[in-house]
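Novice: sequence plus the predicted model coming up.
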Amino acid sequence: MEIQRSARRWQDQAILLLGLWLFVSPWVLAYPANTPQAMNAWIAGAVIAVLAAFDLYKTYVWAVVVNLLAGVWVAVSPWIPAVADRGPMMNNSLIVGIAVIVLALWELRSDPDLHKQWAGGT
């Protein structure tokens, strides 16, 4: 049973890694600390990583949905004027955001624990 449980949670592990990458990416990509792009990456990366880590412990629909919404934000944020960027952070945000969206949707679709919660069970 434990093998099946960890096999179902691989999406959370991948989302956790994506969140951690997003958090450190401003330093890796040498973006100045006082830019909106860096602040966006730090905040969104922290939210994504913390929710994914929490989701590894106990899965809740709301945590997966919030991660899904954070992924949408990260993917579209390069086109928001205050965060607009056309460099490496744009590509980074787009790739990470789309990956988080796909993984969260996949988890929502395939995890029976989430199906029970969605239907009103415990």
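Specialist: Looks like it arrived, so ask away. Model, not experiment: these values are computed from the prediction. Numbers count the residues shown, from 1 in each chain.
Novice: span of stretch 79-97 from start to end?
Specialist: Stretch 79-97 has an end-to-end distance of 13 Å (Cα to Cα, to the nearest Å).
Novice: quick one: list the elements packing against the helix or strand encompassing Leu16.
Specialist: Secondary structure assigned from DSSP states H and E places Leu16 in helix 10-28. Applying 3 or more Cβ pairs under 8 Å, 6 or more residues apart in numbering; DSSP states H and E, one finds that helix 10-28 contacts helix 36-57, helix 88-110. C-betas here are computed from N, CA, C, even on glycine.
Novice: contacts for that helix?
Specialist: With contacts defined as Cβ atoms under 8 Å, 6 or more residues apart in numbering, helix 10-28 is touched by 31, 33, 35, 37-38, 41-42, 44-53, 55-56, 59, 67, 74, 89, 92-93, 96, 99-100, 103-104, 106-107.
Novice: now the buried members of these.
Specialist: 31, 37-38, 41-42, 44-45, 47-49, 51-53, 55, 59, 67, 74, 89, 92-93, 96, 99-100, 103-104, 107 (16 or more other Cβ atoms under 10 Å).
Novice: before we move on, the earlier item: now render the helices and strands packed on helix 10-28 as CSV, adding distance to Trp21.
Specialist: What follows is the helices and strands packed on helix 10-28, written out as CSV (distance: least, Cβ to Cβ, whole Å):
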stretch, distance to Trp21
helix 36-57, 7
helix 88-110, 7
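Novice: in this protein, which ranges drop under the pLDDT threshold?
Specialist: For the chain, the stretches with pLDDT under 70 are 1-8, 81-86, 115, 118-122.
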